[in-house]
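Trainee: I need the structure of the sequence given here:
(chains A and B)
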Amino acid sequence: MRLTTAISQDMRFQFRHGFYYVYAILSVMYIVVLRFLPDEMVHSALTLILFTDICTLGFFFIGAIILLERGQNITESLFVTPLRLSEYLLSKSISFLILSTLSALIVLVGAAIPVQNFLWFIWGLILSSVIYTLFGIVFATKAKHVNDYFVRALGMGLFISLPLLGHLGLFDTPLFYLFPTKSTLILLDVIGNAYSLTAKLYAAISLLLWTLVFAYLAYYRFEKHVRHPA
Amino acid sequence: MKKVIATLARGDLKNILRDSTLVMAVFGPIAILLLLYLFPLLEVLILERFDFDLSQYRLFALGFLSLIPSMLFGMIFGFLMLDERDEDIISFISITPLKKTGYLTYKLQMPMLFSAGFFLLLLHGTGLVELHLIHTPFIAVMVALEAAIGALFLVSYADNKVEGLAFSKLLGIMYLAVPVVFLWHSPWHWITAWMPSFWIAKAFIHSNENSSLVWMDIGLGLVLHFAVLTFFLRAFLKRPK
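Mentor: Predicted structure coming up:
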């Protein structure tokens, strides 16, 4: 009950600040672009759109939201209520997950993209969206202001995005399999391209493990820097 | 007036240097400059690896990439103004002799100057494509106006930085006309003619072909840019804060 209330509050906040309108417009634009692309380019372009924007939107916004809540002392007030930190973090992740999933499904349906391996794809979309929101929270806990958040997170963000080079065919190495982004790219790409069962299983399990790692890091950093700062 | 502008410029420079993201955003255009310098090498690499001739897209690459600094500078100064609004600085300035319009004039001049400067540097510094020298200052004015439009869009409609971030996502749509004009070889590309960047892309193509149609692109482009700018300007001046 507490969790559902927290999620609905977060969604209301996102709605009030125009996130849903912005992603409605962006989704329509993506549909238009995908509809006009040659068939052989559609799936690659879709993977890029999902990876660089829709799936990672939580990362883009979470820093500003947490800083705004900290600035207005909302976090302090929240934690004197029965709301647990784990529920707070879950609520943030799930609210962005809902926006990401809605936008992704609208683009898929609107652009009439033929889909295969849908369950693998959804698993990848859900876990990736949660991972990148948690990844943002890890950096937002120590940031002083929004720009500081981006400076702290962008370097690491660009580093973990290196597997994109492999996806574009510019540079590849087996080391990329250690990055969560490699697994994200595989599971977002499965709707249009064939991958072995081993690759899909690896990506699915790897994303689950990375979710746990980032959940722990986000919890630990929030506890240390926001709830009980030295 | 000059003293006031110098004081404001000093304050902005301090903000830009203090705020490392803004420094990074200034490095964005420099990264584009480097990329364009390395473009001929990239063409060779892609031709060898993928058997794809990238050189046919030189004009598009330059046209598109040279607009990105104007978007970045528009965002930088848009966020600076949002910061200053949050700190009530705009309200304070509006009751000084500078007034809200003077403040805005200064704030928009800066990204415009930077954008036009970087545009000319990217165009003439890299020498990737040849545009007629008489046309480029006019195209640079349109590029500069893009930065002002971006900054004004953010500050006119966003109430705070969180909304500013959301709206900055929409700024990219302003540039959608450029790939449409360059890559969509159909009369349907005219459906993006309402976007100011459409006329910049058209001017690029016609100037490269040395066609006299470029003057129509520049004329209509400037009118459209000023119309959009005036629209956002009115929205900003109507805001209570």
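
Trainee: Where does pLDDT dip in the chain?
Mentor: No chain in the question, so chain A it is. A:147, A:230 (pLDDT under 70).

Trainee: meant chain B, my bad for not saying
Mentor: B:1-2, B:15-26, B:241.

Trainee: Check the offset of the strand or helix carrying A:Gly157 from the chain's centre.
Mentor: If you go by DSSP states H and E, A:Gly157 is part of helix A:146-160. How far helix A:146-160 lies from its chain's middle: 15 Å, per C-alpha atoms, centre = their mean, to the nearest Å.

Trainee: Flag every buried residue along it.
Mentor: A:Val146, A:Asn147, A:Asp148, A:Tyr149, A:Phe150, A:Val151, A:Arg152, A:Ala153, A:Gly157, A:Ile160 (16 or more other C-beta atoms under 10 Å in any protein chain shown). Every residue, glycine included, has its C-beta placed from N, CA and C.

Trainee: Distance from the chain centre to the helix or strand containing B:Leu80, please.
Mentor: Assessed by DSSP H and E, B:Leu80 sits inside helix B:68-86. Taking the mean of its C-alpha atoms, helix B:68-86 sits 11 Å from the chain's own mean (C-alpha atoms, centre = their mean).

Trainee: Mind giving me the packing neighbours of the next helix or strand after that helix?
Mentor: Proceeding N to C from helix B:68-86, the next assigned helix or strand is helix B:89-94, under DSSP H and E. Contact partners of helix B:89-94 among helices and strands, from 3 or more C-beta pairs under 8 Å, 6 or more residues apart in numbering or on different chains; DSSP states H and E: helix B:99-126.

Trainee: could you pull out the helices for chain A?
Mentor: For chain A, the helices defined by DSSP state H occupy A:2-16, A:19-36, A:39-49, A:57-71, A:74-78, A:85-110, A:118-140, A:146-160, A:163-167, A:180-189, A:197-222.

Trainee: tally of neighbours for A:Leu165?
Mentor: By the criterion of other C-beta atoms under 10 Å in any protein chain shown, A:Leu165 has 13 neighbours.

Trainee: how about the residue sitting nearest the centre point of chain B, what does it touch?
Mentor: Among the residues of chain B, B:Ser70 comes closest to the average C-alpha position under C-alpha atoms, centre = their mean, at 2.2 Å. For B:Ser70, the contact set (C-beta atoms under 8 Å, 6 or more residues apart in numbering or on different chains) comprises B:Pro111, B:Ser115, B:Phe118, B:Phe119, B:Val143, B:Ala144, B:Glu146, B:Ala147, B:Gly150.

Trainee: How about B:Leu42, nearest residue that isn't a chain neighbour?
Mentor: B:Leu54 (6.7 Å; C-beta to C-beta, 6 or more residues apart in numbering or on different chains).

Trainee: got the contact list for residue 13?
Mentor: Picked chain A for this. A:Phe13 neighbours (C-beta under 8 Å, 6+ apart): A:Ile65.

Trainee: likewise the one 5 residues further on?
Mentor: A:Gly18 makes contacts with B:Glu163, B:Ala166, B:Phe167, as judged by C-beta under 8 Å, 6+ apart.

Trainee: Kindly identify which of those also come near chain A.
Mentor: Restricting the contacts of A:Gly18 to those touching chain A (C-beta under 8 Å from any C-beta of the partner chain) yields B:Glu163, B:Ala166, B:Phe167.

Trainee: How about the residues of chain A by chain B?
Mentor: Residues of chain A lying close to chain B (C-beta under 8 Å from any C-beta) are A:17-19, A:22, A:25-26, A:29, A:33, A:36, A:53, A:60-61, A:64-65, A:68, A:145-148, A:150-151, A:154, A:169-170.

Trainee: Would you list the buried entries among the residues you listed?
Mentor: Among those, the ones that count as buried by 16+ other C-beta under 10 Å are A:17-19, A:22, A:26, A:29, A:33, A:53, A:60-61, A:64-65, A:68, A:145-148, A:150-151.

Trainee: how many other residues sit next to residue 193?
Mentor: Using chain A. Neighbours of A:Asn193 under the rule other C-beta under 10 Å: 12.

Trainee: that answer is for a different chain, and I need it for chain B
Mentor: Neighbour tally, B:Ala193, other C-beta under 10 Å: 15.

Trainee: How about the one 5 residues further on?
Mentor: Using other C-beta under 10 Å, the number of residues around B:Phe198 comes to 24.

Trainee: Could I get the CA-only coordinates of the helix or strand harbouring it as PDB?
Mentor: Per DSSP H and E, B:Phe198 falls inside helix B:196-208. Extracted as PDB, the C-alpha positions of helix B:196-208 are listed here (Å, rounded to 0.1, in the frame of the first residue of the first chain):
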ATOM      1  CA  PRO B 196      13.500  27.300 -38.800                       C
ATOM      2  CA  SER B 197      16.300  24.800 -39.300                       C
ATOM      3  CA  PHE B 198      14.700  23.700 -42.600                       C
ATOM      4  CA  TRP B 199      15.800  26.900 -44.300                       C
ATOM      5  CA  ILE B 200      19.400  26.600 -42.900                       C
ATOM      6  CA  ALA B 201      19.600  23.200 -44.500                       C
ATOM      7  CA  LYS B 202      18.200  24.500 -47.800                       C
ATOM      8  CA  ALA B 203      20.600  27.400 -47.800                       C
ATOM      9  CA  PHE B 204      23.500  24.900 -47.300                       C
ATOM     10  CA  ILE B 205      22.500  22.900 -50.300                       C
ATOM     11  CA  HIS B 206      21.800  25.900 -52.600                       C
ATOM     12  CA  SER B 207      25.000  27.800 -51.500                       C
ATOM     13  CA  ASN B 208      27.000  24.600 -52.200                       C
END
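
Trainee: report the angle between the axes of it and helix B:99-126?
Mentor: Counting by axes from the mean of the first three to the mean of the last three C-alpha atoms, to 10 degrees, helix B:196-208 points 30 degrees away from the direction of helix B:99-126.

Trainee: wait, B:Ile139 sits on B:Leu222?
Mentor: No. Counting by C-beta atoms under 8 Å, B:Ile139 sits too far from B:Leu222 to count as a contact (10.1 Å).

Trainee: Name the residue in those two with the higher neighbour count.
Mentor: Counted by other C-beta under 10 Å, B:Ile139 and B:Leu222 do not tie: B:Ile139 has more neighbours, with 26 against 16.
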